[in-house]
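Engineer: Pasted the sequence and its predicted model underneath.
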Protein chains: 2
Amino acid sequence: MTARNIFYAQSGGVTAVINATACGVIEAARKERRLGKVFAGRNGIIGALREELIDTSRETNKAIAGLRHTPSGAFGSCRYKLKSVEENRAEYERLVAVFQAHDIGHFFYNGGGDSQDTANKVSEFSKNMGYPLTCIGIPKTVDNDLPLTDTCPGFGSVAKYVAVSTLEAGLDVASMAESSTKIFVLEVMGRHAGWIAAAGGLAKTNRGDPPHIILFPEISFDRQYFLKRVKETVNKVGYCVIVASEGARYADGKFVADAGAIDAFGHTQLGGVAPTLVDMIKDAHGYKCHWSVADYLQRAARHVASATDIEQAYAVGKAAVEFALAGKNAVMPVIVRNKGKKYSWRIGEAPLSKVANVEKKVPRSYLTKDGYGISAKGRQYLEPLIAGEAPPPYKNGIPVYVRLKNHPVRKKLPGFDVA
Amino acid sequence: MTARNIFYAQSGGVTAVINATACGVIEAARKERRLGKVFAGRNGIIGALREELIDTSRETNKAIAGLRHTPSGAFGSCRYKLKSVEENRAEYERLVAVFQAHDIGHFFYNGGGDSQDTANKVSEFSKNMGYPLTCIGIPKTVDNDLPLTDTCPGFGSVAKYVAVSTLEAGLDVASMAESSTKIFVLEVMGRHAGWIAAAGGLAKTNRGDPPHIILFPEISFDRQYFLKRVKETVNKVGYCVIVASEGARYADGKFVADAGAIDAFGHTQLGGVAPTLVDMIKDAHGYKCHWSVADYLQRAARHVASATDIEQAYAVGKAAVEFALAGKNAVMPVIVRNKGKKYSWRIGEAPLSKVANVEKKVPRSYLTKDGYGISAKGRQYLEPLIAGEAPPPYKNGIPVYVRLKNHPVRKKLPGFDVA
């Protein structure tokens, strides 16, 4: 039996460490005679549909090693969800045709819940078609909302960014509060789950430290209570630092960010929970406020990534290769937290069918009684995930991130229009 | 003659390295028998007016050394500008009374242009009163807009933050552009001068790299031309990364951020140049956009501070002590760039009367012809300022920043109401 090739694709929003996973896949595959080349999808699964494959075997070992410290998706990612087989059989057939044309026996899909769902569907479809294919999902998401894994690679680094930024901005506001800014709001990602916002809580060492209020999607936003707490905090400690999840919402499900601001052209302006909260606070209390929207900065911030996260991101990539060699199919390597006081972890596995379309929210027990902070249990869960520093190399004051050559694999099939 | 005390105050917006300057002052003063204690103002000059002095001699050497890697203002800063002597003679008299009560012979004012103006006025006033006082201004401002100094401590670190963030977010957008986000706008500080925005240009290594457009306050914003260039860039490289100074403005002087959005309460919403630009782009081209407002995160980001900046911040603090011992008065230590290809610098001095109320803007020759980027000359100026890394110590995944005890000095005078 000849060594068959791997198809690896990055999916959804990229992270500071998804390339560390790619590094884990490629380095492990390079050491293994039973495997052929690793082909990557140009712009994720779209690359497979368009037969735009990247031949990673043409990159040097040094370039591949550099992926470990390079944020973003080195091959391009995409937001593209395959419909069900019933709705769009042509896409599944195309995938199998491309895999067949390039002797691809292993499909590694590196993404969040939707991607694991796709990997699972592709696994079933290829089985039904009689095409031998091992499908391995590899977890990735800054949102940390995948089930069955203790954490998702990508999350630890965004968590560290948010904790460090909250700490630093909190010190800044504390210095200014006497005669100037009294309120600082940091808006962070997490449309459906408050894991990232929760990480802001790690900036707090002592009672009274920032952040004073964290807004989670899991806790209904109560405007009156919020404004009351802001005022109480200013009266007590002189200032108030708020970390707000973009997904913070009212009891009726309406996002706080959708406050209905109208722009100069008469259009409804899309959110920003931070400026919305600041408007509210100014209106009610008249405090001077500052706000920040971290957006992509938080998930791209490889310069302050968590060493633990990087190790785990690499490990799930390596594990995907090991799973494929062991003949496992339709599974995902997961991070398992070992028992014991000192944090340690190992790789486990979960069936894709159980991962797909389940969203893991922050448990109530991880939050304080008032729902405005993290509990000791929440801290116990979060703290090890941001542990350790692994700064990239620098040159001329900025990090040296690798850029791959991304050589295309010669096409063999006719074109295919991606919807 | 007894050793007289120093009064040191932090003023205006704090930075990632203003405490390194405090460290320079205190460490140099501790070594010197001809000097007494260093008293710091609680919340800057307000602390002097209220006779709220902090006795830094009660801090350990270790705590003082820790200031070197701690962002924000350890003693509190303020936004408070003394009026002219004619307008508010009582404040000047109060300052001299407090200095006299605590045997303060040296006044070190660590701030931007306004603070240097104040230090100069205090120098003249005390001279006229016959109170012996050496007044030394110490430069600090992220805006880099002080004249007579090659750069301002605080700027190099915010510049590094902006360069690194632009690089990282640029890689992120590049990964997503094929099927999702095509535009990313990073809003940075600099209401009157575009130095900080210019630093974003350091992220660019090759032609076509982000940032593709930088908006400076120095270059009039032309909406049509801007939108045309955004479209051209997307057509050419697939995406467009924009670094926008909060001070970007139209030819008539109106800020781009003041686009007149109305919030839910019917009030004009204050700015955000980033969301305003995004609205414009969506409206004209329909691209998916993301935006970030760095705000305080940029100036507090000690975790990614420039080693060069930290050294210079420390050096101007140390120099203030040396100047005072040398009997210099109404001067400010400045950074002088030595001639030669390899970057090096030394401490020089400038009279406060020439520093006050002059704003240094980015010279036209530092920008590209189209006004949307930095020229080779601009890069030559900026690049050395972000050189070198000096990460803080970490514990439990976050930096260990010192918190001083800030022991108050016993008051000797009746109270005084600060306006």
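Structural biologist: That came through fine. Residues are numbered from 1 along each chain as shown, chains lettered A, B, ... in the order given.

Engineer: going forward, measure contacts between C-alpha atoms and count neighbours the same way
Structural biologist: Noted.

Engineer: got the contact list for the most centrally placed residue in chain A?
Structural biologist: Among the residues of chain A, the one closest to the centroid is A:Val142, at 2.0 Å (Cα atoms, centre = their mean). By Cα atoms under 8 Å, 6 or more residues apart in numbering or on different chains, A:Val142 lies in contact with A:15, A:152-156, A:158, A:196, A:299.

Engineer: Could you rerun that using 7 Å?
Structural biologist: A:15, A:154-155, A:158, A:299 (Cα atoms under 7 Å, 6 or more residues apart in numbering or on different chains).

Engineer: What lies in contact with stretch A:314-329?
Structural biologist: In contact with stretch A:314-329 (Cα under 7 Å, 6+ apart) are residues A:20-25, A:28-29, A:106, A:134-136, A:138, A:333.

Engineer: Keep only those of these that are in strands.
Structural biologist: Of the positions in those, A:106, A:134-136, A:138, A:333 sit in strands, assigned by DSSP state E.

Engineer: May I ask which two of these are separated the most?
Structural biologist: Maximum pairwise distance among those (Cα to Cα): 14.7 Å, between A:His106 and A:Pro333.

Engineer: how far does the lengthiest helix in chain A sit from the chain's center?
Structural biologist: Secondary structure of chain A per DSSP state H: the longest helix is helix A:155-176. Averaging C-alpha positions (Cα atoms, centre = their mean, to the nearest Å) puts helix A:155-176 19 Å from its chain's average.

Engineer: The stretch 301-419 of chain A: helices as residue ranges?
Structural biologist: A:307-325, A:352-355, A:376-382 (DSSP state H, counting those that start in this stretch).

Engineer: Please confirm that A:Lys231 is located within a helix.
Structural biologist: Yes: assessed by DSSP: H, G, I helix; E, B strand; the rest coil, A:Lys231 belongs to a helix.

Engineer: Just the pLDDT at it, thanks.
Structural biologist: A:Lys231 carries a pLDDT score of 98 in this model.

Engineer: A:Asp145 contacts A:Pro363, correct?
Structural biologist: No: counting by Cα atoms under 7 Å, A:Asp145 sits too far from A:Pro363 to count as a contact (11.4 Å).

Engineer: More neighbours: the two, which one.
Structural biologist: When neighbours are counted by other Cα atoms under 10 Å in any protein chain shown, A:Asp145 and A:Pro363 differ, and A:Asp145 comes out ahead with 25 against 13.

Engineer: Run through the residues that contact that one.
Structural biologist: Here A:Asp145 is in contact with A:193, A:359-361 (Cα under 7 Å, 6+ apart).

Engineer: same check, this time on A:His290
Structural biologist: The contact partners of A:His290, by Cα under 7 Å, 6+ apart, come to A:181, A:183-185.

Engineer: And the furthest pair within those residues?
Structural biologist: The span of the contacts of A:His290, defined through Cα to Cα, is set by A:Thr181 and A:Val185 at 11.1 Å.

Engineer: Any chance of JSON lines for the contacts of stretch A:314-329, columns pLDDT, neighbour count and distance to A:Pro392?
Structural biologist: Compiled in JSON lines, the contacts of stretch A:314-329 are given as follows (pLDDT from 0 to 100; neighbours: other Cα atoms under 10 Å in any protein chain shown; distance: Cα to Cα, whole Å):
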{"residue": "A:Ala20", "pLDDT": "98", "neighbour count": "33", "distance to A:Pro392": "12"}
{"residue": "A:Thr21", "pLDDT": "98", "neighbour count": "30", "distance to A:Pro392": "16"}
{"residue": "A:Ala22", "pLDDT": "98", "neighbour count": "31", "distance to A:Pro392": "17"}
{"residue": "A:Cys23", "pLDDT": "98", "neighbour count": "26", "distance to A:Pro392": "15"}
{"residue": "A:Gly24", "pLDDT": "98", "neighbour count": "26", "distance to A:Pro392": "17"}
{"residue": "A:Val25", "pLDDT": "98", "neighbour count": "25", "distance to A:Pro392": "20"}
{"residue": "A:Ala28", "pLDDT": "98", "neighbour count": "19", "distance to A:Pro392": "22"}
{"residue": "A:Ala29", "pLDDT": "98", "neighbour count": "23", "distance to A:Pro392": "24"}
{"residue": "A:His106", "pLDDT": "98", "neighbour count": "26", "distance to A:Pro392": "31"}
{"residue": "A:Thr134", "pLDDT": "97", "neighbour count": "25", "distance to A:Pro392": "34"}
{"residue": "A:Cys135", "pLDDT": "98", "neighbour count": "32", "distance to A:Pro392": "32"}
{"residue": "A:Ile136", "pLDDT": "98", "neighbour count": "30", "distance to A:Pro392": "29"}
{"residue": "A:Ile138", "pLDDT": "98", "neighbour count": "33", "distance to A:Pro392": "24"}
{"residue": "A:Pro333", "pLDDT": "98", "neighbour count": "26", "distance to A:Pro392": "26"}
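
Engineer: Name the member of these with the shortest distance to A:Cys289.
Structural biologist: A:Ala20 (38.3 Å).
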